[in-house]
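A structural model of the following input is requested.
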Amino acid sequence: MTTEINERDTFVEHGEVGVSLYQLECAIQTWSALQSRETSIAEAATTFNVRPELVREVVEANIWMSVTGHESDPTQQFIEHEGSDE
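Residues are numbered from 1 along each chain as shown. All right, here's what the predicted structure looks like:
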C-alpha cells in the first residue's frame, strides 16, 4: 500500500490532468461511489484521462478505497469502497 496522499499541492507528473493527486483521489472516489455498478481501474483511467497505474496509486492511498481483482490487468481490477455492500 502506498503512503496516504494528503498534500494538496502534489501535482500529477508532467501535468497529466492538471490537478493535484489529492484532487484526483477525491474525484475518483466520488465518481466510483456514484456508479451503480463495479468500476474498474481501466474504466476510471479512461474517464479521467490518466494512466491506470496512477488510478491504482491514488485508490490504494485512500483509506476508504481498495483495489480487488486480477493482479496485473486493469480491466479486471475493481475499486472497492469501505463500508460498501457491493
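
the helices in this protein, which residues?
21-34, 41-48, 52-61 (DSSP state H).

in the last one, what's buried?
Looking back up the chat, that one is helix 52-61. 52, 54-61 (16 or more other Cβ atoms under 10 Å). Bear in mind the C-beta positions are built from the backbone N, C-alpha and C, glycine included.

Export the residues you listed to a markdown table and append columns for distance to Gln29 and pLDDT.
Formatted as a markdown table, those follow (distance: Cβ to Cβ, whole Å; pLDDT from 0 to 100):
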| residue | distance to Gln29 | pLDDT |
| --- | --- | --- |
| Pro52 | 16 | 95 |
| Leu54 | 14 | 90 |
| Val55 | 11 | 94 |
| Arg56 | 13 | 95 |
| Glu57 | 13 | 91 |
| Val58 | 9 | 91 |
| Val59 | 8 | 95 |
| Glu60 | 12 | 93 |
| Ala61 | 11 | 90 |
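
What ranges in this structure fall below the confidence cut-off?
1-18, 83-86 (pLDDT under 70).

how close does the nearest residue to Thr75 once chain neighbours are set aside get to Tyr22?
Spatial nearest neighbour of Thr75, chain neighbours left out: Ala42 (4.4 Å); criterion: Cβ to Cβ, 6 or more residues apart in numbering. Distance, Ala42 to Tyr22, by Cβ to Cβ, to the nearest Å: 22 Å.

Those two - which one has more neighbours?
Tyr22 (19 against 16; other Cβ atoms under 10 Å).

Look at stretch 70-79 and report the distance between its end residues.
12 Å (Cα to Cα, to the nearest Å).

can you pull the buried residues of it?
For stretch 70-79, by 16+ other Cβ under 10 Å, it's 74, 77-79.
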